[in-house]
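Dropping a prediction and its sequence here:
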Amino acid sequence: MRRASGSVVALLFLGAVPFAHALAQPPDREVADPPRLRSASTPSPLLAAAAPRAPASEVALDLHIAYTDGRIWNPAEGRYDAVHLRSYQGTGVDPKAPYVSPTIEVTPGSTVRVTLHNELPADPSCAHSADVNKPHCFNGTNLHTHGLWVSPAGNGDNVLLSIDPGVSFQYEYNIPADHPSGTFWYHTHRHGSTALQVSSGMAGALIVRGHRVPTPQAHGDIDTLLVPTRDGSFRERILVLQQIQYACRDADGKIKVNADGSYRCDPGDVGGVEGYDQFGPGSWPASGRYTAINGQVLASFDGAIAGRIERWRVIHGGVRDTINLEFRRLAGNEGGAARLKAAQQDAFVRESCTGAPLPQFLIAADGLTMASVHQATQTVFQPGYRWDALMVFPEEGTYCVIDADAPASASVDQAPPSRRLLGLVHVGKGNAVPADLARYVAARLESAAAMQMPANVRARVIADLRDHLKLASFVPHPDVTDAEVTGQQLLEFNIDVDPKKPDAVFEVNGKPYDPRRMDRVLRLGGVDEWTLRSDFVSHPFHIHVNPFQVVKVLDPQGRDVSAPGAVDDAGGTVDPQYPGLKGVWKDTIWVKNLVPPGKPPGQYTLVVRTRYERYIGAYVLHCHILDHEDQGMMQNVSVALPDGKGGISLAHH
């Protein structure tokens, strides 16, 4: 056993836990991939994570929504807390981790039918209210396939429905044959209860597995390059980051708290997510709760081998906290890591996770393959974000998975910089790895291309990889050129905090959400350039159906901070999240404002472009701080047919 470092020993005697007990870690707390949601008639997974192949053309799946009793590890108390939470249940769900929803796997060209069975009890909060933006209908639900390029109409990706208790409804997703492969996710999206249900764990991965190889005329799927090998390279990990903000309440219905304000659950209590008093500015860090990964808190990742390249598909499935992902070698003993109080985590990470940060080789943003690999040591996840990264652990040992400190302006809660431990990676003995990890990854990718790519594109793919790790043969969408743009859209997030009003009012372009109002009518075949701003604090912008391409991100001084190698330091500290985003396709992006109104200028301006292709119908855009969306920071959008005269056809005659 390695000797504990001084910092670890100090932590163990700060009144946290005795040393002997700190070394004891529950044996079942390993981060495994979420189970795959399976067809009731098909006992095997829809697709194996092996060589891509064509799928069955139709698949039928069932998701049952019910209250589920379970437990969540509480490091501050060194025990499990009992919880009673709404969750998705389906064939193959792990009873030891019931609050991470099962993974749905699809392939381009398939039809997937998902039947939701709402088995929650009747809900008195769903009584008619004059204010649609007051949280309500906590047991009403629906389903959103976040990032999928599918129809929003009818029983497609329609979030304008309410599936009430006792009702079943079948969604049908016709995945087009040219749909990009990638990492997407699904979650509940009923206006008025989205944050409450997602914070209960009602979110899961949705993986589109591609089987199209590049040709001289067309791009292919990155999956055909990253085929798992016999030596274990390109092993895949699917990771859903969750912020399950459960609370225990006293006889008067008030949240129990400790002296420091963190949530308290006493033995015999059962935690839940039952009110919007559990959300709001600063509520997540103040709660003392811990980010879970695939339903596990402060757990370990096993099976890694030094020198093997792994594909980490990471999904921010939380409600409102920013996560700044970083990997560092652990110095000393890992004993006590599973028993850290929230206030002790920063000191543990600072003193014990002291290795140099490992490079993360990012290959996809929000599920969409990028034009070239972007190397970073910190990757910022705002709510709704996904990043696919190639990871290499260079030597045997234990590595810290860290939510690193970030500038207050880069985070949802505008909190002072603080670090948190998310888990530990145990890496076994493997092959020697050179110091230049980028060259090592490039060589392995070139070798994979030589083995996997057809002869008529092999030389081109290898040449691109040798040219700064370009992935040009796998980018799913062509760039949006200046000549394509046919219109302009302006969006600004607002919060009305008039002290004369009892509650803040959450708005887009000065108006709170109204389900009866169509805020934007867009033309099928049109291409818009959107300008995004926030006039009060910062918000992640998300739009359904059609992704967008980042054109530029201007800081308050007018500098474009989206180019590779740019430095975003307008807030006085360096923010890593925008550099490298120029030209990248996404469906969610952080719209930053450094300071509230009335102070020196702190507003960023983001310019993105999007095409309205294939699908007509109504859908939404909104802030992906989900309690903001529930309270009105959302708009209705409709894509309509052109009328042949330069306008839009609004009705038939």
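Perfect, I can see it now.

alpha carbons only for contacts and neighbour counts from here, please
Noted.

What about D94, how many residues nearby?
17 (other C-alpha atoms under 10 Å).

got the contact list for it?
The contact partners of D94, taken as C-alpha atoms under 8 Å, 6 or more residues apart in numbering, are 34-35.

measure it to E172 for me?
Distance of D94 to E172, given as C-alpha to C-alpha, to the nearest Å: 25 Å.

Starting from L161, give me the distance back to N155.
Using C-alpha to C-alpha, N155 is found at 9 Å from L161.

scratch that, L554 is what I was asking about
In this structure, L554 and L161 are 37 Å apart, going by C-alpha to C-alpha.

And what about the residue lying closest to G201 once chain neighbours are set aside, helix, strand or coil?
Nearest non-adjacent residue to G201, counting by C-alpha to C-alpha, 6 or more residues apart in numbering: Y99, 4.8 Å away. Following DSSP: H, G, I helix; E, B strand; the rest coil, we place Y99 in the coil state.

was I right about Y99 contacting S200?
Yes - counting by C-alpha atoms under 8 Å, S200 is a contact partner of Y99 at 7.1 Å.

Can you work out which residues contact both of the two?
Common neighbours of Y99 and S200 (C-alpha under 8 Å, 6+ apart) are 85, 87.

Next, the distance between the ends of stretch 104-124.
32 Å.

thinking again about what came up before, pLDDT score for the residue nearest to G201?
Listed pLDDT for Y99 reads 88.

Quick check: the gap between it and T91.
Noted for Y99: a distance of 14 Å to T91, by C-alpha to C-alpha.

what's the burial count for the closest residue to D560 other than its chain neighbours?
Nearest non-adjacent residue to D560, counting by C-alpha to C-alpha, 6+ apart: L554, 4.5 Å away. Neighbours of L554 under the rule other C-alpha under 10 Å: 17.

what's across from L554 in the sheet?
Per DSSP bridges, the residues bridged to L554 are D560, T605.

so what's it up against?
Counting by C-alpha under 8 Å, 6+ apart, L554 touches 560-562, 604-606.

what about Y99 and S200, which has more around it?
Comparing Y99 with S200 by other C-alpha under 10 Å, the one with more neighbours is Y99, at 32 against 28.

if I pick that one, what's in contact with it?
By C-alpha under 8 Å, 6+ apart, Y99 lies in contact with 85, 87-88, 200-202, 295.

try 7 Å
By C-alpha atoms under 7 Å, 6 or more residues apart in numbering, Y99 lies in contact with 87, 201, 295.

Beyond whatever helix or strand the first one lives in, next helix or strand please.
When you say that, I think you mean S87. In the assignment (DSSP states H and E), S87 maps to strand 79-89. Counting by DSSP H and E, the next helix or strand C-terminal to strand 79-89 is strand 104-106.

That next one - contacts with which helices or strands?
Contacts defined by 3 or more C-alpha pairs under 7 Å, 6 or more residues apart in numbering; DSSP states H and E place strand 104-106 against strand 203-208.

on that earlier part again, any chance of JSON lines for the contacts of L554, columns pLDDT?
As requested, the contacts of L554 are arranged in JSON lines below (pLDDT from 0 to 100):
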{"residue": "D560", "pLDDT": "97"}
{"residue": "V561", "pLDDT": "97"}
{"residue": "S562", "pLDDT": "97"}
{"residue": "Y604", "pLDDT": "96"}
{"residue": "T605", "pLDDT": "97"}
{"residue": "L606", "pLDDT": "98"}
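
can I get those residues in JSON lines with neighbour count and distance to R29?
Below are these laid out as JSON lines (neighbours: other C-alpha atoms under 10 Å; distance: C-alpha to C-alpha, whole Å):
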{"residue": "D560", "neighbour count": "21", "distance to R29": "44"}
{"residue": "V561", "neighbour count": "24", "distance to R29": "40"}
{"residue": "S562", "neighbour count": "24", "distance to R29": "39"}
{"residue": "Y604", "neighbour count": "24", "distance to R29": "41"}
{"residue": "T605", "neighbour count": "21", "distance to R29": "43"}
{"residue": "L606", "neighbour count": "23", "distance to R29": "41"}
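
For the stretch 451-600 of the chain, which residues score under the pLDDT cut-off?
Within the stretch 451-600 of the chain, the ranges that satisfy pLDDT under 70 run 596-598.

please redo it, this time with the cut-off set to 50
Within the stretch 451-600 of the chain, no stretch has pLDDT under 50.

and what of the chain?
For the chain (pLDDT under 50), the answer is 1-27, 41-55.

quick check: longest helix of it.
Looking across the chain with DSSP state H, the single longest helix is helix 437-452.

for the longest strand that the chain contains, which positions count as buried?
Secondary structure of the chain read by DSSP state E shows that its longest strand is strand 58-74. Within strand 58-74, the residues scored as buried using 16 or more other C-alpha atoms under 10 Å are 59-74.

again, but for stretch 438-457
Judged by neighbour count using 16+ other C-alpha under 10 Å, the buried positions of stretch 438-457 are 438, 440-443, 445-446, 448-450, 452-453, 457.

ditto for stretch 355-363
Under the neighbour-count criterion of 16+ other C-alpha under 10 Å, stretch 355-363 has 357-363 buried.

for V553, what are its contacts?
Residues in contact with V553 (C-alpha under 7 Å, 6+ apart) are 560-562, 605-607.

Please apply the same query to Y67.
84-87, 120.

Check the gap between the nearest residue to A304 once chain neighbours are set aside and A566 for me.
The spatially closest residue to A304, leaving aside those adjacent along the chain, is V427, at 4.7 Å (C-alpha to C-alpha, 6+ apart). V427 sits 33 Å away from A566, going by C-alpha to C-alpha.

now G147: how far from V553?
To V553, G147 is 22 Å away according to C-alpha to C-alpha.

Any idea what L424 is bridged to?
Where L424 sits in a bridge, its partners, by DSSP bridges, are S300, C400.

Could you check how far it is from A195?
From L424 to A195 the distance is 28 Å (C-alpha to C-alpha).
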